[in-house]
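J.: take a look and give me a structure for this.
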Amino acid sequence: MGKTAKPPPKKRQRSEDAPADKAKEDTDTSQLEAAPADIAEPEQPSSARKPPRSRAPAEQPSAEDASAATQRQRRGTRRQAGGGTTSAAADDNLQPPGHVVPVQPVAFRPKGSKFTADSDTLMEAVVKVFCVHTEPNFSLPWQRKRQYSSNSSGFIISGRRILTNAHCVDHHTQVKVKRRGSDKKYVASVLAVGTECDIAMLTVEDDSFWSGVEPVVFGSLPQLQDAVTVVGYPIGGDTMSVTSGVVSRIEVTSYVHGAAELLAVQIDAAINSGNSGGPAFNSSGQCIGIAFQSLKHEDAENIGYIIPEPVIAHFINDYERNGAYTGFPCLGVEWQKLENPDMRKALKMQAQHKGVLIRRVEPTAPLHTVTQQYNILMSFDGVDIANDGTVPFRSGERISFSYLVSQKYTNEQAVLRLLKDGQEVTETVTLRAPNKLIPFHIKGKPPSYFIVAGLVFTPATVPYLRSEYGKEYDFDAPVKLLDKMMHAMADAEGQQVVLLSQVLASEVNIGYEEMLNTQVGASLTTRLQKTSLC
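T.: Got it, this is the predicted structure:
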């Protein structure tokens, strides 16, 4: 008898399969590489091949066996032709060779939901945004950096307008848009930019751009586990991309671009670079949000965020009311939870009293004239605030009371119920936009500066700190500047933290060349503010 061939060692098999497993685990699309074409499968050694089994003479097949063989052949024919159905009813729908079956659009049809909208109509409303950016040079504020370009997504709404993200057109020099299936780029102009909500509104003057396109229709705030489909132009290709998922969470979230706390919807659909500004549709074809950011962390996967319809509606209504974006108002207070019973007792709160403790009030805030430190904020516009700072949101859900504040518009009034030294008081205040001592944005404007005797003075802003100390500026910047950025409050409108950014060497400033990013005193700051800056 001949010896049976031994299988290849398991150690070698694992080493050969390791590259394939590693490629499957790599989900970073920015690192995708083209795979070599026409890769043949490795041929097994002849010694490892199994010898063909000799088949004994068999009897003639019966009628039942012939029928079964015919069915297997027909099923194999369907699979080779690309059909995906295996039901018995499909046998009656076989088409003659050469017949082309039209492919129905399957996008926007999440599993288990009924979709009634026309997919092609929705896709026609999604555009690709091309932007050329020219950022300021904060080290030399009278100059600008080298321009660069970016690609993002957007979609058409009513009134011949386009919505996209604010960070997609930040410090824009030129903006162009292109419709799906078109080879022409149209120059667009920016109507409004909302830095806090990360939304920008564009328009195109050319009438041919709007020909034959229908604007998207907005839907209401989705429920948990509702199907959602994100459409856009992310990295990895030039054509339109469609990803789908479900709604995972709805809560007040930090917006990275605007450093604001607003309502956001978390989804598990993939949101990559280039998806920003693209719409998110529900199963009925209604737009329920705008893709704008995702969470990149070693312990997190498939966490993306979309701007929900209430925030979008606030931005659009604000623009239509005032002809410009005026921002989201705030109370201008620092507050603390009152879950500790001893703390509530010390503040003279009764058993029926609930609310949050006001720790500090900004001098420029509207509440500065009606409340003070250690007062209790019990309700906002008639909605009671719990001890943990939440209010009823929907059935079985609670959300931070800052959501109620964000629903207001600037210069609108709000009714507050306060507890002052054990006494309930009702106050009416006019809400205004926040006034930060070190602003997080310069709203697309060039930085202001003042030069005297070669000394370059400029106000401290977060973009300036990021330019000087990099992305980790909150660790590398001077502690005094970080303290003012995190905790300091402006005492008056227009107050700034002025820095001596650098010294231009000259005979008149000998001995001062080493001074860099030094905060100037209050008296000098006042004199500089009275001087007209560039």
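J.: now do stretch 497-508: everything it contacts.
T.: Residues outside stretch 497-508 that contact it (C-beta atoms under 8 Å, 6 or more residues apart in numbering) are 138-139, 141, 437-438, 449, 451, 453-460, 464, 481, 484, 488, 509, 512-520, 524-525, 528-529. For glycine as for every other residue, the C-beta is placed from the backbone atoms N, C-alpha and C.
J.: run the last query once more with 6 Å
T.: Residues from elsewhere that reach stretch 497-508, judged by C-beta atoms under 6 Å, 6 or more residues apart in numbering: 438, 453-460, 484, 509, 512-513, 515-520, 525, 528.
J.: show me which of these are buried.
T.: Neighbour-count burial (16 or more other C-beta atoms under 10 Å) is assigned, among the contacts of stretch 497-508, to 438, 454-460, 484, 517, 519, 525, 528.
J.: so which of these sit within strands?
T.: If you go by DSSP state E, the buried ones among the contacts of stretch 497-508 have Leu455, Val456, Phe457, Thr458, Pro459, Gln519 in strands.
J.: show me what contacts the fourth one?
T.: Taking C-beta under 6 Å, 6+ apart as the definition of contact, the neighbours of Thr458 are Pro141, Pro447, Tyr449, Leu499, Ser501.
J.: report the beta-bridge partners for it.
T.: Leu499 (DSSP bridges).
J.: and for Ala490, the neighbour number?
T.: 19 (other C-beta atoms under 10 Å).
J.: give the helix, strand or coil label for it.
T.: Following DSSP: H, G, I helix; E, B strand; the rest coil, the label given to Ala490 is coil.
J.: quick check: it touching Asn435?
T.: Yes. With contacts counted by C-beta atoms under 6 Å, Ala490 reaches Asn435, the gap being 5.4 Å.
J.: which residues do these two both contact?
T.: Taking C-beta under 6 Å, 6+ apart as the criterion, Ala490 and Asn435 both touch Thr364.
J.: what's the end-to-end length of stretch 361-368?
T.: Its first and final residues considered, stretch 361-368 spans 6 Å by C-alpha to C-alpha, to the nearest Å.
J.: got the buried residues for it?
T.: Buried residues in stretch 361-368 (16+ other C-beta under 10 Å): Val361, Glu362, Thr364, Ala365, Pro366, Leu367.
J.: could you give me the average pLDDT of it?
T.: Averaged across stretch 361-368, the pLDDT comes to 90.
J.: residues contacting Leu437?
T.: Contact partners of Leu437, counting by C-beta under 6 Å, 6+ apart, are Ala488, Ala490.
J.: what's the answer for Pro439, then?
T.: Listed by C-beta under 6 Å, 6+ apart, the contact partners of Pro439 are Thr461.
J.: ok, back up a step: now, which of the contacts of Thr458 sits nearest Asp474?
T.: Leu499 (16.8 Å; C-beta to C-beta).
J.: if I look at that closest one, what pLDDT would I see?
T.: Looking at Leu499, its pLDDT reads 92.
J.: count of neighbours near it?
T.: If you count neighbours by other C-beta under 10 Å, Leu499 ends up with 23.
J.: any figure for the gap between Thr364 and Val498?
T.: Plainly put, Thr364 is 18 Å away from Val498 if you go by C-beta to C-beta, to the nearest Å.
J.: want to throw the buried ones among the contacts of stretch 497-508 into JSON lines with distance to Ala324 and pLDDT?
T.: Formatted as JSON lines, the buried ones among the contacts of stretch 497-508 follow (distance: C-beta to C-beta, whole Å; pLDDT from 0 to 100):
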{"residue": "Ile438", "distance to Ala324": "24", "pLDDT": "92"}
{"residue": "Gly454", "distance to Ala324": "38", "pLDDT": "91"}
{"residue": "Leu455", "distance to Ala324": "36", "pLDDT": "92"}
{"residue": "Val456", "distance to Ala324": "32", "pLDDT": "93"}
{"residue": "Phe457", "distance to Ala324": "30", "pLDDT": "94"}
{"residue": "Thr458", "distance to Ala324": "26", "pLDDT": "94"}
{"residue": "Pro459", "distance to Ala324": "23", "pLDDT": "93"}
{"residue": "Ala460", "distance to Ala324": "26", "pLDDT": "93"}
{"residue": "Lys484", "distance to Ala324": "29", "pLDDT": "90"}
{"residue": "Asn517", "distance to Ala324": "34", "pLDDT": "84"}
{"residue": "Gln519", "distance to Ala324": "33", "pLDDT": "88"}
{"residue": "Thr525", "distance to Ala324": "30", "pLDDT": "54"}
{"residue": "Leu528", "distance to Ala324": "29", "pLDDT": "52"}
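J.: next, count neighbours for Val370.
T.: 16.
J.: again with Val479
T.: So Val479, with other C-beta under 10 Å, has 7 neighbours.
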